[in-house]
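Asker: 3D model of this:
(one chain, ligands or ions: 1)
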Amino acid sequence: MPARALIFDMDGTIVDNMRYHEAAWGKLLAAHGLPFDADEFFHRTAGMASDEILRPLFPAAGPDEITRLGHDKELFYREAYRPHVAALPGLLTLMARADAAGIPMAVASAAPPGNIEVVIDTLGLRSRFATIIAPSQGFRGKPNPDLFLGAAERMAVAPEDCIVFEDAPNGIEAARRAGMRAVAILTMLGADAFSGFDNVVASATDFTALEGLPALRFS
Ligand SMILES: O=P(O)(O)OC[C@H]1O[C@@H](O)[C@H](O)[C@@H](O)[C@@H]1O
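Answerer: Residues are numbered from 1 along each chain as shown. Model (predicted):
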């Protein structure tokens, strides 16, 4: 069944930037004398909001300290990634096809507003999305389904009519809990990392390989 709405994760999906996030997390944790295993960290935390990631790592920290630590990490990340922003191959072609067919599109990202600006505004894409939804608007991060359900509701499309594009297991799980089909974008992990999810309809390293996918044949 062709999708009636597209929901894009941002980090690792619209752009291939998760290595910059991992490096920033590594720098923050090293500065506080905490151990860091990049692969384990990505599997466990990618798609969660920064405060959700930080609270268990700094159990003695109060809310202000958690906010400050999050700011530090995002400053490291943005300084390193800003010169490299580039859309994943095939994204703009898929978005043009969706536009032509009247298919609404949303971004559902765990990122804070400053990070969304760096990616979405640098690419000039903000006006192309029906909505951009994030934890700063009061939603829980992934694997909770809140961001995806909120995006579908704002687009007035049923969850089963949405296709989610995601690079992280927590995001695919969030789509599953939302009752949505998902395409795994393999910027960080291989296809085998997503073999256990029954909502994954395809996987690809970028959007160019998804042209013939039945769910994306809009007309
Ligand atoms: O939901 P998205 O767009 O993939 O964003 C997830 C990322 O958002 C970032 O803000 C966090 O620091 C990352 O660790 C997290 O994985």
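
Asker: going forward, measure contacts and count neighbours with C-alpha atoms only.
Answerer: Fine.

Asker: which parts of the chain sit against the ligand?
Answerer: 9-12, 21, 45-50, 109-112 (C-alpha under 6 Å from any ligand atom).

Asker: determine the longest helix present in this protein.
Answerer: For the chain, the helix that runs over the most residues, judged by DSSP state H, is helix 63-81.

Asker: list the contacts for residue 58?
Answerer: residue 66 (C-alpha atoms under 8 Å, 6 or more residues apart in numbering).

Asker: what distance do you get for it to the ligand?
Answerer: When C-alpha to the nearest ligand atom, to the nearest Å is applied, the distance between residue 58 and the ligand equals 15 Å.

Asker: same check, this time on residue 34
Answerer: With the distance defined as C-alpha to the nearest ligand atom, residue 34 ends up 16 Å from the ligand.

Asker: what's the answer for residue 186, then?
Answerer: From residue 186 over to the ligand (counting by C-alpha to the nearest ligand atom), the distance is 13 Å.

Asker: apart from its chain neighbours, what residue comes closest to that residue?
Answerer: residue 205 (4.5 Å; C-alpha to C-alpha, 6 or more residues apart in numbering).

Asker: for the one you found, list the residues it contacts.
Answerer: If a contact means C-alpha under 8 Å, 6+ apart, then residue 205 has 185, 186, 187 as its contacts.

Asker: beta partners for the first one?
Answerer: Here residue 185 sits in beta bridges with residue 204, going by DSSP bridges.

Asker: burial count for it?
Answerer: Using other C-alpha atoms under 10 Å, the number of residues around residue 185 comes to 26.

Asker: quick one: contacts for it?
Answerer: With C-alpha under 8 Å, 6+ apart as the criterion, the residues that contact residue 185 are 12, 13, 165, 166, 167, 203, 204, 205, 206.

Asker: and which of these is nearest the ligand?
Answerer: When those are compared for distance to the ligand, the smallest value, 5.8 Å, is given by residue 12; criterion: C-alpha to the nearest ligand atom.

Asker: so where do the helices sit in the chain?
Answerer: 18-31, 38-45, 50-57, 63-81, 91-100, 113-116, 146-155, 169-178.

Asker: run the angle between the longest one and helix 18-31 for me.
Answerer: For helix 63-81 against helix 18-31, the angle between stretch directions is 130 degrees (axes from the mean of the first three to the mean of the last three C-alpha atoms, to 10 degrees).
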